[in-house]
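*Asks:* Below: sequence and its predicted model.
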Amino acid sequence: MSAANNIERIVTSGTFELDGGSWDVDNNIWVVGDESDVVVFDAAHTAQPIIDAVRGRNVVAVVCTHGHNDHITVAPELGRALDAPVLMHPADDMLWRTTHPDSEFRSVEDGFVLRAGSVEIRALHTPGHSPGSVCWFAPDLQAVFSGDTLFNGGPGATGRSYSDFPTILESISGRLGMLPGETAVYTGHGDTTTIGDEIVHYDEWVARGH
């Protein structure tokens, strides 16, 4: 199975807001599956480009990798438009409520499995960037959708509320670092990388935290 044929990227732009600050950001949204069924990873900023990318296919779920506003901006709207459940880890409920106080999501836990056509995708709870951050591993695609837990260049940011640097390091080493080195990392922002290309820098990240 070719990952290139099963993974599509959409980029939308807007703002990330937390702790009274606001930053301009470009977000990756990933549409994963086959010609019949797909999963949408993250619901950033604007719904229509995501709806267009789905191209009328059945959407198994709109998955929020975590609860920061730039990843859930249009999640309820997308869920309604695509007739799909919105999934997120419940540990980020307080972040969700900040953006969507009157909407609900469906809770997912570590080990939860989604299937989009022939593609199986498994939830890996990876707290640190936020308490409810989840990466999603698709073994047949040799791919993991990392949200803001791991980027091309290292761990996600941990300098704001509800984040913790030692916790994100533990998540990366204990969960993502156990994946095959050739696993492609499809990130929430920026360029794709691989587990192997990042994990070799782990000791540098640890040293940076002291």
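*Replies:* Arrived safely, thanks for sending.
*Asks:* can we go C-alpha only for contacts and neighbour counts from here?
*Replies:* Will do.
*Asks:* what's the longest helix anywhere in the chain packed up against?
*Replies:* Counting residues, the longest helix found in the chain (DSSP state H) is helix 165-174. The helices and strands touching helix 165-174, judged by 3 or more CA pairs under 8 Å, 6 or more residues apart in numbering; DSSP states H and E, are strand 154-155, helix 202-208.
*Asks:* So which of the ones you listed is nearest D26?
*Replies:* strand 154-155 (17.5 Å; CA to CA).
*Asks:* Give the pairing partners of that closest one; include direction for each.
*Replies:* strand 150-151 (antiparallel) (DSSP bridges).
*Asks:* what's in contact with the partner strand?
*Replies:* Identification of contacts with strand 150-151 by CA atoms under 8 Å, 6 or more residues apart in numbering yields 156, 172, 185, 187-193.
*Asks:* Strands along the chain, start to end?
*Replies:* Taking DSSP state E as the test, the strands found in the chain are 7-18, 21-33, 37-41, 58-63, 86-88, 106-107, 113-116, 119-125, 134-138, 143-147, 150-151, 154-155, 184-187, 193-194.
*Asks:* and the angle from the longest one to strand 143-147?
*Replies:* It refers to strand 21-33. Interaxial angle of strand 21-33 relative to strand 143-147 (axes from the mean of the first three to the mean of the last three CA atoms, to 10 degrees): 160 degrees.
*Asks:* about what we covered before: state the mean pLDDT of the longest helix of the chain.
*Replies:* Helix 165-174 comes out with an average pLDDT of 98.
*Asks:* swap in stretch 13-22?
*Replies:* Mean pLDDT, stretch 13-22: 97.
*Asks:* starting at the chain centroid, how far to that stretch?
*Replies:* Computed by CA atoms, centre = their mean, to the nearest Å, the chain-centroid distance of stretch 13-22 equals 18 Å.
*Asks:* Please point out which parts of it sit buried.
*Replies:* By neighbour count on 16 or more other CA atoms under 10 Å, the buried set for stretch 13-22 is 14-16.
*Asks:* So S107 sits against M88, correct?
*Replies:* Yes: the criterion here is CA atoms under 8 Å, and S107 meets it with M88 at 5.3 Å.
*Asks:* who's more crowded, these two?
*Replies:* M88 (26 against 14; other CA atoms under 10 Å).
*Asks:* can you pull the pLDDT of that one?
*Replies:* Per-residue pLDDT puts M88 at 98.
*Asks:* List the contacts of it.
*Replies:* M88 neighbours (CA under 8 Å, 6+ apart): 63-67, 105-108, 132.
*Asks:* G153 against E198, yeah?
*Replies:* Yes: if you go by CA under 8 Å, G153 and E198 touch, sitting 6.8 Å apart.
*Asks:* between the two, which one's more packed in?
*Replies:* E198 (19 against 13).
*Asks:* From F41, how far out is that one?
*Replies:* E198 sits 22 Å away from F41, going by CA to CA, to the nearest Å.
*Asks:* Likewise for N152?
*Replies:* On the measure of CA to CA, N152 and F41 end up 18 Å apart.
*Asks:* the more surrounded of those two?
*Replies:* Neighbours were counted for N152 and for F41 using other CA under 10 Å; F41 has more, 26 against 18.
*Asks:* Number of residues surrounding the nearest residue to V74 once chain neighbours are set aside?
*Replies:* Closest residue to V74 in three dimensions, ignoring its sequence neighbours and counting by CA to CA, 6 or more residues apart in numbering: A43, at 5.4 Å. Number of residues near A43 (other CA under 10 Å) recorded here: 29.
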